[in-house]
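>>> heads up, no residue letters with this:
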């Protein structure tokens, strides 16, 4: 299992040791343990160390410039593909979309250029950022909730004779406040609220919130798993916890265990995020060798939410992996149509068109993403520009 290596500040910039590099094409918001929430880039790198291989996930935080490196025990060459797959799944579970750089096919000059460009290979001065003062929420409802929660806690728990109804109300207030804080990226304060909620009265919602913090903010996935499981003991049909536990299993490569959980939440007609559950279900089915069922589930999710960008990308990736280039082209084309402002959509569409030797159409897609609109699009723009150069003069 990948865990943060607090002694590493970067990935060694030694091209001779590198076996593979995958680079993120987006910059989602993340909150590694002990750090403020901020956008980040990600890289998955496989390094050879004698007869063994070291596969790491390196996040470069945009706010602090710090590299956060996650590593697992070294593996033998026969297990390298599986280790890379687990690292990619780990990064994708945090919202990163990763693309292979084609490292083995690059010449020495291009390899050096790539390593020099990627921030994961550059040392950082500080491993852990200093404390950052949390900004107060501008949401007036959240502000009132803070005051009301504090007042209730002072009134009820400093006096005797607390009724069951008062405990229930206090638990709900702290849980809702925890939800607001987590949404604002303040995992530390959210955790305190969830714990206070459970102290007042144990609820599945508070355990689900704690599970999210343990699994995704603190990287303590085993504890996150226990919290989701406890939520499901209290409420077996709790679709949000089913989906979150299923996503956690996917991030750890436990696809078979994720399937029944995601299947249950995807069939809940009252669950607002069932599209996410169904799409994840499709991916888990594909990863367990049930490709056609997986495609069917993802297509079912996209029929309900045609602008779900990740679903189109997943579908195109599956078809591409299966060598079904025409189906992959159609999926990536739909990705670009439904999500025209997502630069990665044009990159993926262009790549499959290039594989089909449709240079004119591929060039048109790469031209749409070769210039970054903002900082988060720069990795994709660089990749698009590289493919344009490779295509040559029209």
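Great, that's in hand. Quantities reported herein were computed from a predicted structural model and do not represent experimental measurements. Numbering: from 1, shown residues only.
>>> distance check, residue 90 against residue 183.
23 Å (CB to CB, to the nearest Å). Quick note: C-beta positions are derived from backbone N, CA and C, even for glycine.
>>> please say which of these two ends up with more neighbours.
residue 90 (24 against 12; other CB atoms under 10 Å).
>>> in this structure that one contacts residue 248, no?
No. Contact criterion CB atoms under 8 Å: residue 90 and residue 248 do not qualify, at 10.8 Å.
>>> now do the helices in the stretch 151-300 of the chain.
164-183, 187-200, 204-212, 221-234, 239-251, 255-266, 274-287, 291-304 (DSSP state H, counting those that start in this stretch).
>>> extract the residue ranges of the stretch 1-150 of the chain that are flagged as low pLDDT.
Residues of the stretch 1-150 of the chain meeting the criterion pLDDT under 70: 124-150.
>>> hmm, back to that, redo the helices of the stretch 151-300 of the chain as a markdown table? Include distance to residue 30 and mean pLDDT.
Converted to a markdown table, the helices of the stretch 151-300 of the chain look like this (distance: least, CB to CB, whole Å; pLDDT from 0 to 100):
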| stretch | distance to residue 30 | mean pLDDT |
| --- | --- | --- |
| helix 164-183 | 13 | 86 |
| helix 187-200 | 11 | 91 |
| helix 204-212 | 13 | 94 |
| helix 221-234 | 15 | 95 |
| helix 239-251 | 13 | 93 |
| helix 255-266 | 21 | 96 |
| helix 274-287 | 18 | 92 |
| helix 291-304 | 24 | 93 |
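>>> figure out which of those is closest to residue 78.
Residue 78 lies closest to helix 274-287 among the helices of the stretch 151-300 of the chain, at 19.6 Å (CB to CB).
>>> can you name the residues in contact with the closest one?
239, 242-243, 246-247, 249-250, 255-256, 258-259, 262-263, 265-268, 271, 291, 293-302, 304-305, 308, 310-311, 314, 318 (CB atoms under 8 Å, 6 or more residues apart in numbering).
>>> chain center to that helix: distance?
15 Å (CA atoms, centre = their mean, to the nearest Å).
>>> quick one: work out the angle between that helix and helix 239-251.
Between helix 274-287 and helix 239-251, the angle comes out at 30 degrees (axes from the mean of the first three to the mean of the last three CA atoms, to 10 degrees).
>>> just to revisit the earlier point, residue 94: which of the helices of the stretch 151-300 of the chain is closest?
From these, taking CB to CB, the stretch that ends up closest is helix 239-251, at 8.1 Å.
>>> run me through the strand neighbours of the top strand by length along the chain, direction for each.
With secondary structure taken from DSSP state E, the chain has its longest strand at strand 38-49. Counting by DSSP bridges, the strands paired with strand 38-49 are strand 18-24 (antiparallel), strand 29-30 (antiparallel), strand 52-61 (antiparallel).
>>> return the set of buried residues in the longest one.
It stands for strand 52-61. Going by neighbour count (16 or more other CB atoms under 10 Å), the buried part of strand 52-61 is 53, 54, 55, 56, 57, 58, 59, 60, 61.
>>> closest one to residue 322 out of those residues, please.
Nearest to residue 322 among the buried residues of strand 52-61, with distances taken as CB to CB, is residue 55, at 24.7 Å.
>>> out of the strands paired with strand 38-49, nearest to residue 11?
Using CB to CB, the nearest of these to residue 11 is strand 52-61, at 5.2 Å.
>>> the closest one: what's the following helix or strand?
Next along the chain after strand 52-61, taking DSSP states H and E as the criterion, comes strand 67-71.
>>> just the residues contacting that next one, thanks.
2-5, 8-11, 32, 35, 40, 54-61, 90, 119-120, 122-124, 219.
>>> in JSON lines: the helices of the stretch 151-300 of the chain, plus distance to residue 362.
Output for those, formatted as JSON lines (distance: least, CB to CB, whole Å):
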{"stretch": "helix 164-183", "distance to residue 362": "40"}
{"stretch": "helix 187-200", "distance to residue 362": "42"}
{"stretch": "helix 204-212", "distance to residue 362": "40"}
{"stretch": "helix 221-234", "distance to residue 362": "40"}
{"stretch": "helix 239-251", "distance to residue 362": "31"}
{"stretch": "helix 255-266", "distance to residue 362": "33"}
{"stretch": "helix 274-287", "distance to residue 362": "26"}
{"stretch": "helix 291-304", "distance to residue 362": "24"}
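>>> just so I know, which of those lies nearest residue 17?
Nearest of the helices of the stretch 151-300 of the chain (CB to CB): helix 239-251, 26.7 Å.
>>> so how far is that closest one off the chain centroid?
On CA atoms, centre = their mean, the centre of helix 239-251 falls 13 Å from that of its chain.
>>> of the strands paired with strand 38-49, which approaches residue 99 most closely?
The nearest among these, by CB to CB, is strand 18-24 at 6.1 Å.
>>> on the pLDDT front, check the residue lying closest to residue 354 once chain neighbours are set aside for me.
Nearest residue to residue 354, sequence neighbours excluded (CB to CB, 6 or more residues apart in numbering): residue 362, at 4.2 Å. With respect to pLDDT, residue 362 has a value of 94.
>>> appreciated, that's everything.
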